[in-house]
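Peer 1: give me coordinates for this.
(chains A, B and C)
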Amino acid sequence: MLKRTFLHFPNVGERREKLLWKYGYLDWEDIINLPPPSGWSRFWLEWQKEAERSLVALDQKNSEYFALSLPTSHWWRAIPEFLNEAVYLDIETDEKMDVTVIGLADRTTYYAFLEDEEIDKVYEIIFNAKMLVTYNGKNFDVPILKKKFKDLKFPILHIDLCPLFRRLGYKGGLKAIETQLGIERSHQTQGLNGWDAVKLWQKWKYFKDKQAFETLLMYNYEDVVHLKSLLKIAYEKLWKATIELV
DNA sequence: TGAACTTCAAGTTTCAGGGG
DNA sequence: CCCCTGAAACTTGAAGTTCA
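Peer 2: The predicted structure is shown next:
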């Protein structure tokens, strides 16, 4: 999808991009190798230069380049290209919005960090990622982490699944969407929400309730790994919706 | 050729919604 | 309980088209 994206070319919006597809210009190579459609020659040289720059950026796996040049609402187009370098993030907090658990996953592994424990490792994992994936993380997880850890560097390419699913017509929060898509929670965490996670932490912190602690970690684990399946589903649906309109 | 109209892209404002 | 952004609707402005 990324290679057939022209929205970052000067004077191209969704309308002209669709027209180009219709005329048979399907990716950056076509822009470089084919002559312009009649009446569009005034744009052609600039667009060819941008197509060249985009090919170089993709070859260098430069996710920042695309995040900075594409409108945020179309960042999802870069998902397949940076899937292997994605980091999935979900945090839990206490009632004062203080971080209690930082849950992270990369392509192969899930990590849970408690409070400030091993924070260097958190910095490293996030710093090395080329794409960040969250649910409502732009409004919640990222601002909270940035406030507490001021020099934590996030990838600019941040896929927040919340607005994407809303655009696809799914109402409600993460758990509601999972139910609609047939993604199941374990028996242990069934029916729990974010506020329950706050209470589980309190039970552990003040009453050393080991069971509550285990449940909290399971809850975070499921939140984080479900992001992986949701990301793929969102991409498929957005891609189909974009192509259908051509 | 120039005035009126059309077509897009891009900038601005407003408000509803999901996280712990 | 408290936290915050983004999409939609509307406006502006540049460039193109039509027609006398």
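
Peer 1: residue nearest the centroid of chain A?
Peer 2: A:I159 (2.1 Å; C-alpha atoms, centre = their mean).

Peer 1: what helix or strand does that residue sit in?
Peer 2: Assigned by DSSP states H and E, A:I159 belongs to strand A:158-160.

Peer 1: A:F66 - how many residues pack around it?
Peer 2: Neighbours of A:F66 under the rule other C-beta atoms under 10 Å: 23. All C-beta spots, glycine's among them, are computed from the backbone N, C-alpha and C.

Peer 1: A:L114 too?
Peer 2: 16.

Peer 1: give me the distance between it and A:F213.
Peer 2: A:L114 sits 9 Å away from A:F213, taking C-beta to C-beta, to the nearest Å as the criterion.

Peer 1: next, the contact list for the residue nearest to the centre of chain A, please.
Peer 2: By C-beta atoms under 8 Å, 6 or more residues apart in numbering, the contact list for A:I159 reads A:75-76, A:79, A:131-134, A:231.

Peer 1: closest to DNA strand B among those?
Peer 2: DNA strand B lies nearest to A:T134 out of these, by C-beta to the nearest atom of the strand, at 8.7 Å.

Peer 1: the closest one: what's it in contact with?
Peer 2: Applying C-beta under 8 Å, 6+ apart, we find A:T134 in contact with A:88-90, A:141-142, A:158-161, A:227.

Peer 1: and it, what are its phi and psi?
Peer 2: Per-residue torsions, A:T134: phi -140, psi 170 (degrees, to the nearest 10).

Peer 1: now the residue lying farthest from the centre of chain A: which helix or strand?
Peer 2: Distance from the C-alpha centroid of chain A peaks at A:S38, with 38.5 Å (C-alpha atoms, centre = their mean). For A:S38, there is no host helix or strand (DSSP H and E).

Peer 1: likewise for the one 4 residues further on?
Peer 2: Assigned by DSSP H and E, A:R42 belongs to helix A:41-59.

Peer 1: in whichever helix or strand comes after that helix, what's buried?
Peer 2: Using DSSP H and E, the next helix or strand after helix A:41-59 towards the C-terminus is helix A:63-69. Neighbour-count burial for helix A:63-69, counted by 16 or more other C-beta atoms under 10 Å, picks out A:63, A:65-67.

Peer 1: CSV for these, including distance to A:Q188 and pLDDT?
Peer 2: Putting these into CSV (distance: C-beta to C-beta, whole Å; pLDDT from 0 to 100) gives the following:
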residue, distance to A:Q188, pLDDT
A:S63, 36, 93
A:Y65, 43, 90
A:F66, 39, 91
A:A67, 37, 89
